[in-house]
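Engineer: Give me a 3D structure for the following:
(one chain, ligands or ions: 1)
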Amino acid sequence: MAEAAYKTITVKPLAPHLGAEIHGLDLSQPMSNAQFDDLHTAFLKHHVIFFRDQTLTPEQHLAFGRRWGTLNIHPYVKSMAGHPEILEIIKEPTERINFGGGWHSDMSFLEVPALGSILHAIEVPEVGGDTLFASQYAAWDALSPGLKATLEGLRAIHSAAEEYGAGGASSKKRASMDSEVVGDEVPEYEHPVVRTHPETGRKGLYINPAFTLRFAGWTKKESRPLLEYLFEVCRREVYTCRFRWQPGSIAMWDNRCVWHYALNDYHGARRHMRRVTVNGDVVR
Ligand code: SIN
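Structural biologist: Numbers count the residues shown, from 1 in each chain. Sure, this is the predicted structure:
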């Protein structure tokens, strides 16, 4: 059922903890401030918002992204020709490894990670290739007061070494998307384990299996059991929603409080998406 609070759009929630479909907007057209305010409200409330039947040129995709902030240029993955702020996320029928095929939060390996990502489907498999999303507010809310008190004092080390570094497995096997580490080392950055969302003030867990290596001041071996326990809470099915793509679908998610996972269940078919990533702020 649509929510009543909006003047310019229709918002239909998809799952209890996150996700809503947005109707009544053509994202290829300039957006009024009233429309943007409604969309922004829906984004903060539902953490991931979905649109159908949108036809965006790269320029229109970038213009929509710029309504939310400055745009990121990925430090390791080659961008679309002529558009450094667009990632072409492609899996060819001959490939086995996909991009984003594990739970993560985009760009947590940066000193200033991403606010949000805007993914536009160009070509999708007949069946499969859905994306899962999980609320990290819900994961935090589920923890006991004792564990919350322990985590409040912790920080964690994030890095893209496993994904994009010399020993990183996945990028090397993905022929259609070039990635490259410039220099010898992939940097590490430290963020609080519990993040207070800069706009909503809500707390959420800010760790993820792809980019969080260990707790600051702890060894990897010491960190593993607690990280594994937390990851299990973070990906609990009840805190997720699942999106079935069609050509022209768009998803925009809030990396400050959401994980996502691109399912890799469509070998032999082609999937082609374009992503614009909005820069965020220092994690607090
Ligand atoms: C990503 O991790 O940004 C890719 C998500 C997807 O392709 O569904």
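Engineer: use CA for all of it now, contacts and neighbours both
Structural biologist: OK.
Engineer: number of nearby residues for the residue of the stretch 151-284 of the chain found nearest the ligand?
Structural biologist: Across the stretch 151-284 of the chain, no residue is closer to the ligand than A262, which sits at 4.0 Å (C-alpha to the nearest ligand atom). By other C-alpha atoms under 10 Å, the residues close to A262 number 20.
Engineer: residues touching it, list them.
Structural biologist: Residues counted as contacts of A262 (C-alpha atoms under 8 Å, 6 or more residues apart in numbering) are N98, F99, G100, G101, G102, G129, D130, T131, L132.
Engineer: Between the residues you listed, identify the one with the most neighbours.
Structural biologist: N98 (26 neighbours).
Engineer: secondary structure class for that one?
Structural biologist: Classification of N98 using DSSP: H, G, I helix; E, B strand; the rest coil returns coil.
Engineer: where does it sit relative to E92, distance-wise?
Structural biologist: Distance, N98 to E92, by C-alpha to C-alpha, to the nearest Å: 9 Å.
Engineer: hmm, back to that, give me phi/psi at the residue of the stretch 151-284 of the chain closest to the ligand?
Structural biologist: Backbone torsions of A262, given as degrees, to the nearest 10, read phi -90, psi 110.
Engineer: Alongside the ligand, which residues does the stretch 51-200 of the chain contribute?
Structural biologist: Within reach of the ligand by C-alpha under 6 Å from any ligand atom, the stretch 51-200 of the chain has these residues: F99, G100, T131.
Engineer: Was I right to think the second one contacts Y261?
Structural biologist: Read that as G100. Yes: G100 is in contact with Y261 according to C-alpha atoms under 8 Å; the separation is 6.1 Å.
Engineer: Do a quick rundown of the helices in the stretch 101-250 of the chain.
Structural biologist: Assigned by DSSP state H, counting those that start in this stretch, the stretch 101-250 of the chain shows helices spanning 136-142, 145-152, 161-164, 169-172, 220-234.
Engineer: Of all those helices, which one is nearest V186?
Structural biologist: V186 lies closest to helix 161-164 among those, at 5.5 Å (C-alpha to C-alpha).
Engineer: can you give me how far the closest one is from the chain middle?
Structural biologist: On the basis of C-alpha atoms, centre = their mean, to the nearest Å, the separation between the geometric centre of helix 161-164 and that of its chain is 17 Å.
Engineer: repeat for stretch 275-284
Structural biologist: 10 Å.
Engineer: Where does the prediction get shaky in this structure?
Structural biologist: For the chain, residues meeting the criterion pLDDT under 70 lie at 166-176, 178-184.
Engineer: which one in it is furthest away from the centre?
Structural biologist: For the chain, the largest distance from the centre (C-alpha atoms, centre = their mean) belongs to G146, which lies 28.9 Å off.
Engineer: From the contacts of A262, pick the one nearest T200.
Structural biologist: T200 has its nearest neighbour among these in L132, at 22.7 Å by C-alpha to C-alpha.
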